[in-house]
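K.L.:
model this:
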Amino acid sequence: MAKPYFFPSVNLMGQGAIKLIPDEIKKMNVKKALVVTDKVLIEIGTTAQLFDTLDNENLEYVVYSDVKPNPTVNNVNGGYKVLKENNCDYVISFGGGSPQDCAKAIAILATNPGNIADYEGVNLTKNKSLPIVAINTTAGTASEATINYVITDETRNVKMVLVDSNCIASVAVNDPNLTVSMPKALTAATGMDALTHAIEGYLTAGATQFTDLFNLEAIKTISKNLKKAYDDGSNIDARDQMSYGQFVTGMGFSNGGLGIVHSMAHQLGGYYDLPHGVCNAIILPYVMEYNASETGDKMKTVAEAMGVCTEGMNKLEFDSACVNAVKSLSKSVNIPESFENMNVNKDDIDILAELALKDACTPGNPKSPTVDDIKMLYRKVF
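P.N.:
Numbers count the residues shown, from 1 in each chain. Model (predicted):
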């Protein structure tokens with residue numbers, strides 16, 4: 001069946017990619033940027049590389065940095081206000097998934113009426129967003145390359161998933177030099193987030209031969225390089241490979257979909273403001289076990305991509321080996337094995353499960369879950 005595939009028009013990759021940005025901006029017929037980032041990146045000096053690049057070419061911009069780790073509707077509204085007050089006609093997002101997602105929402109509001117909550121769901125806007133130059137500083141979310149973004153509605157304690165081809169970036173930038181300042185915990189969380197994207201994207205009901213190419217390549221690359229980047233953040237080759245791996249799976253899962261790992265993780269982020277990558281990493285093995293009956297031989301392929309020898313294994317054995325490989329990698333970068341010490345309330349499982357069932361990622365799951373199935377999985381994770 002024919003279907004559209006969406007990718008950023010221009011993708012700048014590799015060491016020094018940030019220096020190529022001015023040339024692309026000059027082609028866009030724009031005048032003034034809203035730079036969306038967060039205060040931590042400003043404080044540690046990472047944004048200086050961007051500001052110097054823009055200043056050297058006399059490119060005008062204003063900065064909005066009030067973005068939370070799980071960006072909220074209020075963050076979006078605040079950024080949109082700064083954009084309008086300063087007559088900005090394009091957006092530069094600089095950071096990990098949080099600034100990227102907030103920037104997408106701001107750019108969408110600039111060309112579409114109403115509130116960002118009006119567009120929760122799939123392809124609900126009519127107009128293309130303002131141009132976005134999306135500069136990634138982590139190796140996890142791939143938000144710089146995708147048509148997805150997630151915004152927390154703080155009035156409902158819900159993470160809204162917005163899937164919209166109108167938000168795709170004009171220019172995506174992955175320069176591994178921008179990732180070397182990531183601390184170990186963030187390296188682990190974002191890296192396991194990327195692996196979750198790749199595995200879920202490969203196993204999803206919406207996967208195609210085309211998306212499988214991207215997601216399998218990402219599984220191989222991330223599995224080989226995450227521990228190296230975690231152990232030595234200055235290992236630029238490992239950082240480069242992680243930037244590549246997370247970007248490649250972004251092109252895969254953005255065009256094929258995800259599943260209930262993300263559905264469940266979104267609710268934990270919305271309710272408890274927990275880090276998305278850690279939630280994904282903890283939930284992933286349990287959902288893989290749950291989905292195994294509907295994945296055919298695909299878990300064998302995943303296991304092999306992660307370096308497991310599956311010769312002579314039957315389905316039960318290679319499914320188990322695949323799950324164990326994920327658990328082993330997660331443990332090697334010190335991701336918790338459960339939510340036991342993360343202030344998650346078991347009394348909330350019923351409402352979390354109800355919300356997860358309605359999440360935009362749920363239809364992509366290879367096994368159609370009931371609300372009781374999701375409750376069972378939440379209990380297992382505890």
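K.L.:
report the beta-bridge partners for Val173.
P.N.:
Leu12, Ile135 (DSSP bridges).
K.L.:
quick check: Leu195 touching Leu226?
P.N.:
Yes. If you go by CB atoms under 8 Å, Leu195 and Leu226 touch, sitting 7.1 Å apart. Where C-beta positions appear, they are placed from N, C-alpha and C, glycine not excepted.
K.L.:
which neighbours do these two have in common?
P.N.:
Leu329 (CB atoms under 8 Å, 6 or more residues apart in numbering).
K.L.:
secondary structure element for Ser254?
P.N.:
According to DSSP states H and E, Ser254 maps onto helix 236-256.
K.L.:
quick check: buried residues in that helix?
P.N.:
For helix 236-256, the neighbour count (16 or more other CB atoms under 10 Å) marks 238-256 as buried.
K.L.:
list the helices and strands the helix or strand following that helix packs on?
P.N.:
Using DSSP H and E, the helix or strand that follows helix 236-256 towards the C-terminus is helix 260-272. When contacts are defined as 3 or more CB pairs under 8 Å, 6 or more residues apart in numbering; DSSP states H and E, helix 260-272 sits against strand 148-153, strand 158-163, helix 184-203, helix 276-291, helix 349-358, helix 371-381.
K.L.:
for the longest one, C-alpha coordinates in PDB please.
P.N.:
This file holds the C-alpha atoms of helix 184-203, laid out as PDB (Å, rounded to 0.1, in the frame of the first residue of the first chain):
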ATOM      1  CA  LYS A 184      26.600   9.900  32.200                       C
ATOM      2  CA  ALA A 185      23.000   9.700  33.400                       C
ATOM      3  CA  LEU A 186      21.800  11.700  30.500                       C
ATOM      4  CA  THR A 187      23.900   9.700  28.100                       C
ATOM      5  CA  ALA A 188      22.300   6.500  29.400                       C
ATOM      6  CA  ALA A 189      18.800   7.800  29.400                       C
ATOM      7  CA  THR A 190      18.900   9.300  25.900                       C
ATOM      8  CA  GLY A 191      20.700   6.400  24.500                       C
ATOM      9  CA  MET A 192      18.200   3.900  25.800                       C
ATOM     10  CA  ASP A 193      15.400   6.200  24.600                       C
ATOM     11  CA  ALA A 194      17.000   5.800  21.100                       C
ATOM     12  CA  LEU A 195      17.200   2.000  21.400                       C
ATOM     13  CA  THR A 196      13.600   1.900  22.500                       C
ATOM     14  CA  HIS A 197      12.600   3.900  19.400                       C
ATOM     15  CA  ALA A 198      14.600   1.500  17.200                       C
ATOM     16  CA  ILE A 199      13.200  -1.700  18.700                       C
ATOM     17  CA  GLU A 200       9.700  -0.500  19.000                       C
ATOM     18  CA  GLY A 201       9.800   1.000  15.600                       C
ATOM     19  CA  TYR A 202      11.000  -2.300  14.200                       C
ATOM     20  CA  LEU A 203       8.400  -4.400  15.900                       C
END
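K.L.:
next, the buried residues of that helix.
P.N.:
Buried, per 16+ other CB under 10 Å, within helix 184-203: 186-203.
K.L.:
circling back: the helix holding Ser254 vs helix 260-272, what angle?
P.N.:
Interaxial angle, helix 236-256 versus helix 260-272 (axes from the mean of the first three to the mean of the last three CA atoms, to 10 degrees): 100 degrees.
K.L.:
and helix 236-256, what other elements does it pack with?
P.N.:
strand 10-13, strand 132-136, strand 171-174, helix 184-203, helix 209-231.
K.L.:
so for that helix, mean pLDDT?
P.N.:
Across helix 236-256, pLDDT averages out at 98.
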